[in-house]
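In: turn this into a structure:
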Amino acid sequence: MPEGDTVYRAAARLRTALAGKILTRSDFRVPRYATVDLRGQRVESVGSYGKHLFVRTPTASIHTHLKMEGLWRTYRCGQRWTQPRATARLVLGTEDVEAVGFSLGKVEVFPLADEHTVIDHLGPDLLGPNWDPAEAVRRLERYPEQTIGVALLDQRNLAGIGNIYRSEVCYLRKVHPATPVRAAGDLLALVNEAQRILSKAAHDRYVPLAYMRHNWGCRRCGTRIVRRVLGDTGPENDRITQRERGVWFCPRCQPEP
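Out: As a prediction, the model looks like this:
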């Protein structure tokens, strides 16, 4: 599933393509919003919060979530789309650009004043201007017996981390993902580490040190990286389970609790 850095970059591309322009096309290819027509409205802003993306006009907020396979692409008007047309779920067009959301997991339209209802339950946005590490720590501490690997995925604690970065944060902090929150050490340092690597991934490039490196040598000690499914006893050959819930760690640098 795309993580906060991917959504942040997608919002930046859409902002460049659409912000300040008048919509000449709004094609919602989901039954609930098929009759919504935003043509003639100006795109005031485009932003993200965690894994959620918003395109805003003076009256409406278009909310999308990529879920598993969603992506946004922008094209010059008349340019051939590079994804199957049948997978397009939302098309926003101006005089010179088309922004197309393919295979989006969620498409919603709210009155602009109601946008907050989508994110009110979420923790601080790791890539937001008002990132609050103390609040993220407070939320993590509410459930001290929860494993840190599960807690980092819970968007109600801090918004933006997925499977890649929970493995990376635990690796960098030398914490086994199955460690209870209460025993995970310096939580403030941990959430700041999460913000640092997600920000690097969003603005520059981040090369994973543990994620998807099963059987490769640890970059610190050389021990083979191990992959486990946290809190799940599903079959080892269940590739979807392994990809979505698997965690990667060094058994030497991150001893099991």
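In: not counting sequence-adjacent ones, nearest residue to Asp96?
Out: Nearest in space to Asp96, with sequence neighbours left out and distances taken as Cβ to Cβ, 6 or more residues apart in numbering, is Cys77 at 5.7 Å. Every residue, glycine included, has its C-beta placed from N, CA and C.
In: again but with Ile22, I slipped
Out: Among residues not flanking Ile22 along the chain, Arg42 sits closest, at 5.4 Å (Cβ to Cβ, 6+ apart).
In: and the pLDDT for the one you found?
Out: Looking at Arg42, its pLDDT reads 98.
In: what about it, distance to Met212?
Out: According to Cβ to Cβ, to the nearest Å, Arg42 stands 42 Å off from Met212.
In: how about Cys170?
Out: As judged by Cβ to Cβ, Cys170 and Met212 stand 14 Å apart.
In: more neighbours, these two?
Out: With neighbours defined as other Cβ atoms under 10 Å, Cys170 and Met212 compare such that Cys170 has more, 29 against 14.
In: contacts only, for the more buried one.
Out: If a contact means Cβ atoms under 8 Å, 6 or more residues apart in numbering, then Cys170 has 148-149, 152, 176-177, 210, 247, 249, 254 as its contacts.
In: can you tell me which of those residues lies closest to Ala113?
Out: Leu152 (31.9 Å; Cβ to Cβ).
In: residue ranges of the strands in the stretch 51-200 of the chain, please?
Out: Remark: strands assigned in the stretch 51-200 of the chain by DSSP state E, counting those that start in this stretch are 52-56, 60-65, 71-76, 88-93, 97-102, 106-111.
In: any chance of those strands in TSV, plus distance to Ser26 and mean neighbour count?
Out: Output for the strands of the stretch 51-200 of the chain, formatted as TSV (distance: least, Cβ to Cβ, whole Å; neighbours: other Cβ atoms under 10 Å):
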stretch	distance to Ser26	mean neighbour count
strand 52-56	10	24
strand 60-65	8	21
strand 71-76	15	16
strand 88-93	6	21
strand 97-102	10	22
strand 106-111	9	16
